[in-house]
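Got a predicted structure plus its sequence, pasted below:
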Amino acid sequence: MKAITANRLTDGRVIYRTPDGDWSPHLAEAARLDGDNASTALALAEGEFAVAVGPYLIDLDEDGPAGQKWRRESIRLVGPSAGTTHVLGAL
């Protein structure tokens, strides 16, 4: 199973293509695609220059991102990993 992801043109946020052809920042709302449906939907998404930047297919399982790039997609899903650590004590 696959889904289409991209970055929103206006603010760079991660977005997912929905079954009705819109875009959502929520993976749970992404269209689940397979085979030729995935290729056709990706071709349509690639033509939406005013909305999405760099759309591509990602692998999914029932719980979320899967396949070889599951870690990358998991990080994209929850946001930046930089600046999330805390430094104890003064410098």
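On my side now, so go ahead.

need the longest helix for this protein.
helix 35-46 (DSSP state H).

Quick one: mean pLDDT over whatever helix or strand comes next after that one.
Heading C-terminal from helix 35-46, the first helix or strand you meet, by DSSP states H and E, is strand 52-59. Averaging pLDDT along strand 52-59 gives 93.

quick one: buried residues of strand 52-59?
By 16 or more other C-beta atoms under 10 Å, the buried positions in strand 52-59 come out as Ala52, Pro55, Leu57, Ile58. To be clear about C-beta, it is placed using only N, CA and C from the backbone, and glycine gets the same treatment.

okay, it in CSV with CA atoms only?
Only the C-alpha atoms of strand 52-59 are listed here, as CSV (Å, rounded to 0.1, in the frame of the first residue of the first chain):
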residue,chain,number,x,y,z
ALA,A,52,2.5,20.9,-3.6
VAL,A,53,6.2,20.7,-4.0
GLY,A,54,8.0,17.5,-4.8
PRO,A,55,5.2,14.9,-4.5
TYR,A,56,6.3,11.2,-4.2
LEU,A,57,5.0,7.8,-3.2
ILE,A,58,5.7,6.4,0.3
ASP,A,59,5.1,2.8,1.5
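
Report the buried residues of the longest helix of the chain.
In helix 35-46, counting by 16+ other C-beta under 10 Å, buried: Ala38, Ala41, Leu42, Ala45.

May I see these arranged in TSV, with pLDDT as well?
Shown next, in TSV, are these (pLDDT from 0 to 100):
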residue	pLDDT
Ala38	95
Ala41	96
Leu42	97
Ala45	97
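
of those residues, closest to Ile15?
Ile15 has its nearest neighbour among these in Ala45, at 9.9 Å by C-beta to C-beta.

residues contacting the closest one?
The contact partners of Ala45, taken as C-beta atoms under 8 Å, 6 or more residues apart in numbering, are Ile4, Ala6, Arg17, Ala52, Pro55.
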